[in-house]
Every structure is written in C-alpha cells, then in structure tokens.
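Chemist: sequence? don't have it. structure:
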C-alpha cells in the first residue's frame, strides 16, 4: 500500500492537472483493488466514488467539475475513515486532506449508479 500512497501523493503534489487521465485511471484501479476486500465502515462509499472517478478519467474529455467534486468527496471520506485503518492512519489523513484540497465541494453531486454497478477493479483481480 505504501507505493499507492507515494504515487498518489506525488501526483497531487505535482498538480493533478499535470497528471494524464490514463495515469489517474490506473491509480484509481489500484485503489479500487486495495479497497475491494476492506471491511472498514465507509469504504463502500469510497469504492463507489472511485468507480465514478475512474469512469470520468476514461472519457476522451473528463468533466472537470465532476472530477473535482469526486476528489473532494473522496478526500472527506478518506479522512473520515483514516482512524479506522490498520497502520496507515497518518498517511490516509494526509491523502484525504490533499484530495479534499485538490477537489471542490459540490453538495448537489449525484451518485453515479452506473459506475457503482460496474467497478473496474474486477478486471484487475484476474
């Protein structure tokens, strides 16, 4: 999991706008795989939002407003579950705070039920 933290934090620190959507999609898939078997309360919502983010990053032209809203929501959820994680609390808190700052709050954001129903993490498990 340390490499996932490092890669994601490096992308955030360089500026997410400088990260190619395909690279972002790869990082999202890694996080989906890492969280797939998590029993931590709140991880299912994170997986749902990761799936929606992944769907956006695979588009020819991702919706920037939607991506920013998802990043903000993912950041808030990651920070919230950090204390429940095994051994990586501080890194998860830092990641959550960085995602929240990189995103933009959008209270009207709707759940992407299509993305939640077909997460991409399943294909990486094979």
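Modeler: Thanks, I have it. Predicted, not measured: the structure shown is a model, and the values here were computed from it.
Chemist: Could you check which helix or strand contains the residue nearest the centre of the chain?
Modeler: The chain has residue 50 as the residue nearest its centroid, 4.5 Å off, counting by Cα atoms, centre = their mean. Secondary structure assignment for residue 50, by DSSP states H and E: helix 43-58.
Chemist: And residue 72, by the same measure?
Modeler: With DSSP H and E as the test, residue 72 turns up in helix 64-81.
Chemist: Give me the buried positions along the following helix or strand past that helix.
Modeler: Downstream of helix 64-81, the next assigned helix or strand under DSSP H and E is helix 89-102. Neighbour-count burial for helix 89-102 flags 91, 92, 93, 94, 95, 96, 97, 98, 99, 100, 102 (criterion: 16 or more other Cβ atoms under 10 Å). C-betas here are computed from N, CA, C, even on glycine.
Chemist: wait, the fifth one sits on residue 7?
Modeler: No. Contact status for residue 95 versus residue 7: not in contact, 10.9 Å apart, counting by Cβ atoms under 8 Å.
Chemist: still on that earlier bit, what angle do helix 89-102 and the helix holding residue 72 make with each other?
Modeler: 150 degrees (axes from the mean of the first three to the mean of the last three Cα atoms, to 10 degrees).
Chemist: buried set for helix 64-81?
Modeler: Going by 16+ other Cβ under 10 Å, helix 64-81 has these buried residues: 66-81.
Chemist: Can you tell me which of those residues is nearest residue 43?
Modeler: residue 81 (6.6 Å; Cβ to Cβ).
Chemist: for the closest one, what are its contacts?
Modeler: 40, 41, 42, 43, 46, 92 (Cβ atoms under 8 Å, 6 or more residues apart in numbering).
Chemist: now residue 94
Modeler: Contact analysis of residue 94 by Cβ under 8 Å, 6+ apart lists residue 9.
Chemist: Kindly recompute the last result at 10 Å.
Modeler: 5, 9, 12, 78, 79, 82, 88 (Cβ atoms under 10 Å, 6 or more residues apart in numbering).
Chemist: No further queries at this time; thank you.
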